[in-house]
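# For reference, the sequence and a predicted model appear below.
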Amino acid sequence: MKAAFYTLGCKVNQYETQEMISLLKNEGYEIINHKQKADIYIINSCTVTAESSRKTRQAVRRFRNDNKDAIIILTGCFPQAFPEEASRLSEADIILGNKMNHTIIDAITEFRLSKKQTVKVTVHKCEDKYKGIEINTFDGHTRAFIKIQDGCNRYCSYCIIPKARGFSRSRPLEAIKNEIERLAKAGYKEIVFVGINLSAYGLDTNTSICDALQIAEEAEGIERFRLGSLEPDHITDEVIRRLSGMKKFCPQFHLSLQSGSNPVLKRMNRHYTAEEYLELCKKLTSTFNDISLTTDIIVGFPGETEENFNETLDFAKECGFMKVHVFPFSPREGTPAYNYQYKILNSVKNHRCSVLQKSCDETRENFLKAYIGKTVEVLFETPKNGIQQGYTKNYTPVAVFCDKDISGQILPVEITELYEDGVSGILK
């Protein structure tokens, strides 16, 4: 039997796809590309925005239209957050909430016997513990993701994630250690720690995210590790102190900002002020050499005035982000902000997004230009059309022209010029 995955959304979803791949492989399934002819197609969905849900529904219908006789499985955050809406997708034969991913084999068996739509969605509960499937590899990736945390207790006013993911829960340290050791034996040199609210790791188990990172620091074969998205108010002085002593740590911090205006941050129910965020950025840049800061910013939140937007624009310039993901506010049904008054016109949101993105792109270009003439260490990924691409420790994208496959290797590169969205250079 052949199975294919189509994954939407974040790195956590990508990790959970790998978990399901492991389950199917253990049952003898052959995993193929979703563009090929398969017996089963699994859509691992995202629902963080209304657009994400639209893409999920579109994907389910497209795979059904193109594959009349295949089994279509919908799983992930969309059915978990909106089970009734998901169950109305008659094109899906099996519907699993993300809490039920581990039952995918049983669900396939049940559907084959009944030939009726199978729906398994169980609500997250506050007493839930971390549940996962251990993996030995990360197919198609040079860097291996490792999920160590799930859920979120933040309840930002615009965010559906607590409904889709439940309460924050941390993976046991022993399970993290075992998986890192297996990934190291499989040849992975870099680990990327991911979670729904990654920096909340350990708050429910009286441990610290640094305890998990220390495992990678001590793991034989792992040469570097990095962190996924972080909440700024969780990055304490103690976390900074411990991280600064880890030689394998990659000094790239993706600190969720969302707005540089305090009135907007308050309406968003974020747990920090712009001043506190900036102070953290200064602490990090003074502590870590060759650091990069990246972030996400939502533009056009209900009630965002022109003054508020300009505060965010100036704030982003002051922080000097290496890269910024700029998003127009997307009202999400089921969240408090969905019913907020003083909504911003789409034309205004789009204009503000364009202005902010242009400013952030200029900052990024200046950041990248500073690397010309320097020699950096790059972990190379899969080659494309004779070009080898990879990333430095601070996640600067680097390309070199090379006639051999050097994917998975960490090699020195002398940077010579800007190239597409990064830089290029010569292997030393």
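It's in.

# Packing partners of the longest strand anywhere in the chain?
Identified as the longest strand of the chain according to DSSP state E is strand 410-419. Here strand 410-419 touches helix 346-369, strand 375-380, strand 397-401, strand 422-427, going by 3 or more C-beta pairs under 8 Å, 6 or more residues apart in numbering; DSSP states H and E. In short, each C-beta sits where N, CA and C put it, glycine included.

# could the ones you listed go into JSON lines alongside mean neighbour count?
Formatted as JSON lines, these follow (neighbours: other C-beta atoms under 10 Å):
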{"stretch": "helix 346-369", "mean neighbour count": "16"}
{"stretch": "strand 375-380", "mean neighbour count": "20"}
{"stretch": "strand 397-401", "mean neighbour count": "19"}
{"stretch": "strand 422-427", "mean neighbour count": "18"}
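
# before we move on, the earlier item: mind listing what's buried along the longest strand of the chain?
Going by neighbour count (16 or more other C-beta atoms under 10 Å), the buried part of strand 410-419 is 410, 411, 413, 415, 419.

# quick one: the third one and residue 373 touch, right?
Right, the one you point to is residue 413. No. With contact defined as C-beta atoms under 8 Å, residue 413 does not reach residue 373; the gap is 11.9 Å.

# As a markdown table, the helices and strands packed on strand 410-419 with distance to residue 64 and mean pLDDT would be great.
Listed next are the helices and strands packed on strand 410-419 as a markdown table, based on distance: least, C-beta to C-beta, whole Å; pLDDT from 0 to 100:
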| stretch | distance to residue 64 | mean pLDDT |
| --- | --- | --- |
| helix 346-369 | 31 | 97 |
| strand 375-380 | 38 | 96 |
| strand 397-401 | 36 | 95 |
| strand 422-427 | 38 | 96 |
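
# in the stretch 151-300 of the chain, which spans are helices?
161-165, 173-185, 209-218, 237-244, 262-268, 274-287 (DSSP state H, counting those that start in this stretch).

# In PDB, please show the C-alpha coordinates belonging to the fifth one.
As requested, the backbone C-alpha atoms of helix 262-268 are provided in PDB (Å, rounded to 0.1, in the frame of the first residue of the first chain):
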ATOM      1  CA  ASN A 262       1.400  49.000  23.700                       C
ATOM      2  CA  PRO A 263      -2.300  49.800  23.200                       C
ATOM      3  CA  VAL A 264      -2.500  47.100  20.400                       C
ATOM      4  CA  LEU A 265      -0.500  44.600  22.500                       C
ATOM      5  CA  LYS A 266      -2.900  45.100  25.300                       C
ATOM      6  CA  ARG A 267      -6.000  44.400  23.100                       C
ATOM      7  CA  MET A 268      -4.200  41.400  21.700                       C
END
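
# Output the contacting helices and strands for that helix.
Under the contact definition 3+ C-beta pairs under 8 Å, 6+ apart, helix 262-268 sits against helix 274-287, helix 306-319.

# and with 7 Å instead?
Contact here means 3 or more C-beta pairs under 7 Å, 6 or more residues apart in numbering; DSSP states H and E; on that basis helix 262-268 packs against no helix or strand.

# Give me the buried positions along that helix.
For helix 262-268, by 16+ other C-beta under 10 Å, it's 262, 264, 265, 267, 268.

# Which of those sits closest to residue 251?
residue 265 (25.5 Å; C-beta to C-beta).

# How about that closest one, nearest residue that isn't a chain neighbour?
Spatial nearest neighbour of residue 265, excluding adjacent residues (C-beta to C-beta, 6 or more residues apart in numbering): residue 259 at 5.2 Å.

# what's the burial count for residue 43?
When neighbours are defined as other C-beta atoms under 10 Å, residue 43 has 27 of them.

# Quick check: it vs residue 110, distance?
Distance, residue 43 to residue 110, using C-beta to C-beta, to the nearest Å: 18 Å.

# Alpha carbons of stretch 172-192, in PDB - could you do that?
Written as PDB, here are the backbone C-alpha positions of stretch 172-192 (Å, rounded to 0.1, in the frame of the first residue of the first chain):
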ATOM      1  CA  PRO A 172       9.500  14.100  29.500                       C
ATOM      2  CA  LEU A 173      13.300  14.700  29.400                       C
ATOM      3  CA  GLU A 174      14.100  11.000  29.100                       C
ATOM      4  CA  ALA A 175      12.000  10.700  25.900                       C
ATOM      5  CA  ILE A 176      13.800  13.800  24.500                       C
ATOM      6  CA  LYS A 177      17.100  12.200  25.300                       C
ATOM      7  CA  ASN A 178      16.300   8.900  23.600                       C
ATOM      8  CA  GLU A 179      15.000  10.600  20.500                       C
ATOM      9  CA  ILE A 180      18.000  13.000  20.200                       C
ATOM     10  CA  GLU A 181      20.400  10.000  20.500                       C
ATOM     11  CA  ARG A 182      18.500   8.100  17.700                       C
ATOM     12  CA  LEU A 183      18.600  11.100  15.400                       C
ATOM     13  CA  ALA A 184      22.300  11.600  16.100                       C
ATOM     14  CA  LYS A 185      22.900   8.000  15.200                       C
ATOM     15  CA  ALA A 186      21.000   8.500  12.000                       C
ATOM     16  CA  GLY A 187      23.500  11.200  11.000                       C
ATOM     17  CA  TYR A 188      21.700  14.400  11.800                       C
ATOM     18  CA  LYS A 189      24.100  17.200  12.900                       C
ATOM     19  CA  GLU A 190      21.500  19.800  13.800                       C
ATOM     20  CA  ILE A 191      18.400  19.600  16.000                       C
ATOM     21  CA  VAL A 192      15.600  22.200  15.800                       C
END
